[in-house]
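Novice: let me see the structure of the following:
(2 chains)
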Amino acid sequence: EDQVTQSPEALRLQEGESSSLNCSYTVSGLRGLFWYRQDPGKGPEFLFTLYSAGEEKEKERLKATLTKKESFLHITAPKPEDSATYLCAVLSEPYGGATNKLIFGTGTLLAVQP
Amino acid sequence: GAVVSQHPSRVICKSGTSVKIECRSLDFQATTMFWYRQFPKQSLMLMATSNEGSKATYEQGVEKDKFLINHASLTLSTLTVTSAHPEDSSFYICSAGGITDTQYFGPGTRLTVL
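Specialist: Numbers count the residues shown, from 1 in each chain, chains lettered A, B, ... in the order given. Predicted coordinates for the structure are as follows:
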C-alpha cells in the first residue's frame, strides 16, 4: 500500500536556525512528489514538484531534494513568516494504469520564533 | 499563474438545508478537479475526483447523494452538501489540475451547520 510519512510532526526553530523536514514514501511507482505550505484556515499553497531521484528545486529560503525513498525540504535561515504546516504528497502509478490521486503525509508544523 | 478560487469562504446554515460551494480555476483550464475535507489538525481527506463533463468518482465512504459534485466546464466545479447536518461541519477545499500532474488548491470554505 502506498504510504507517506513526514517527520518531525512539529518543529520549533529560532529565526536564522536552518533545518530540514523529512518526507519518506513507499509507492509502487512514483509519478511525482509535491510539497505544499498550508497556513491556518487556508488551502495548501504549491511549493515544488519533484519527479526523479537527484532532482532539486529552490525557492527563496526553501530547497527540496528527492531520493528514491525520501524527500527533504531544507529551510535556510528561516524567518517567522515561514511558520506554517508543510505538507508532502506523492502521486503514484500502480500496476494496471495511472491514478491522479494524491497521497498526503500528515504534515510538519513549523514554528519560527523571532 | 495557477490561481484557484472558492466561494463562499465561510458559510453558516441550519440543519436540513443545502449548501453549494463553487470552485473556479481563474487562469488555466482544469481538466480534473478534486474535493477534499479537512478536520482540525489533520491532513486532507479526498472526497471525490471530477473530470469536466463526466460523473464524479467518489472515495470509499463518501455518500454521493449527500455530496453532489458538478464539473460543468473547464473552469468551474461545484460541491453541494445536501440536507446538511452538524457532523458535516468542516473545512472543504477544492483543487484543480490541468495538463501537468500538479494540483493547485483553493483557499477553502469553512462550513458550519447549526
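Novice: tell me which parts of chain B are close to chain A?
Specialist: B:2, B:4, B:6, B:32, B:34, B:42-44, B:46, B:49, B:91, B:93, B:95, B:97, B:100-108, B:110 (C-beta under 8 Å from any C-beta of the partner chain). In this view, the C-beta of every residue, glycine as well, is placed from N, C-alpha and C.
Novice: if you set the cut-off to 6 Å instead, what comes out?
Specialist: Counting by C-beta under 6 Å from any C-beta of the partner chain, chain B comes close to chain A at B:43-44, B:93, B:101-102, B:104-108.
Novice: what's around the residue of chain B found nearest chain A, how many residues?
Specialist: The minimum distance from chain B to chain A, using C-beta to the nearest C-beta, falls at B:Phe105 (3.9 Å). When counting by other C-beta atoms under 10 Å in any protein chain shown, one arrives at 24 neighbours for B:Phe105.
Novice: let me know the secondary structure of the nearest residue to it once chain neighbours are set aside.
Specialist: Closest residue in space to B:Phe105, ignoring its immediate chain neighbours: A:Gly43 at 3.9 Å, by C-beta to C-beta, 6 or more residues apart in numbering or on different chains. For A:Gly43, the assignment made with DSSP: H, G, I helix; E, B strand; the rest coil gives coil.
Novice: list the residues that contact whichever residue of chain A sits closest to chain B.
Specialist: Taking C-beta to the nearest C-beta, chain B has its nearest neighbour within chain A at A:Gly43, 3.9 Å off. Contacts for A:Gly43 (C-beta atoms under 6 Å, 6 or more residues apart in numbering or on different chains) come out as B:93, B:105-108.
Novice: same thing but at 10 Å, please
Specialist: The contact partners of A:Gly43, by C-beta atoms under 10 Å, 6 or more residues apart in numbering or on different chains, come to A:36, B:4, B:6, B:36, B:38, B:44, B:91-95, B:104-109.
Novice: again with B:Val81
Specialist: By C-beta under 10 Å, 6+ apart, the contact set of B:Val81 is B:11, B:13, B:17-21, B:66-68, B:88-90, B:92, B:109, B:111, B:113.
Novice: one more time with 6 Å, if that's ok
Specialist: With C-beta under 6 Å, 6+ apart, B:Val81 has these contacts: B:19, B:88.
Novice: could you list everything it pairs with in the sheet?
Specialist: Beta-bridge partners recorded for B:Val81 (DSSP bridges): B:Val19, B:Phe67.
Novice: endpoints of stretch B:86-106, how far apart?
Specialist: Stretch B:86-106 has an end-to-end distance of 23 Å (criterion: C-alpha to C-alpha, to the nearest Å).
Novice: then stretch B:71-84?
Specialist: Stretch B:71-84 end-to-end distance (C-alpha to C-alpha) = 21 Å.
Novice: list the buried residues of it.
Specialist: Residues of stretch B:71-84 classed as buried: B:71, B:74-79, B:81, B:84 (neighbour count, 16 or more other C-beta atoms under 10 Å in any protein chain shown).
Novice: point to the residue nearest the middle of chain B.
Specialist: Geometric centre of chain B, nearest residue: B:Trp35, 3.7 Å, by C-alpha atoms, centre = their mean.
Novice: surely that one meets B:Met47?
Specialist: Yes - B:Trp35 is within contact range of B:Met47, at 4.6 Å (criterion: C-beta atoms under 6 Å).
Novice: please report how far the residue nearest to B:Phe105 lies from B:Cys94.
Specialist: According to C-beta to C-beta, to the nearest Å, A:Gly43 stands 8 Å off from B:Cys94.
Novice: overlap of the contact sets of these two?
Specialist: Listed as contacting both A:Gly43 and B:Cys94 by C-beta under 6 Å, 6+ apart are B:Gly106.
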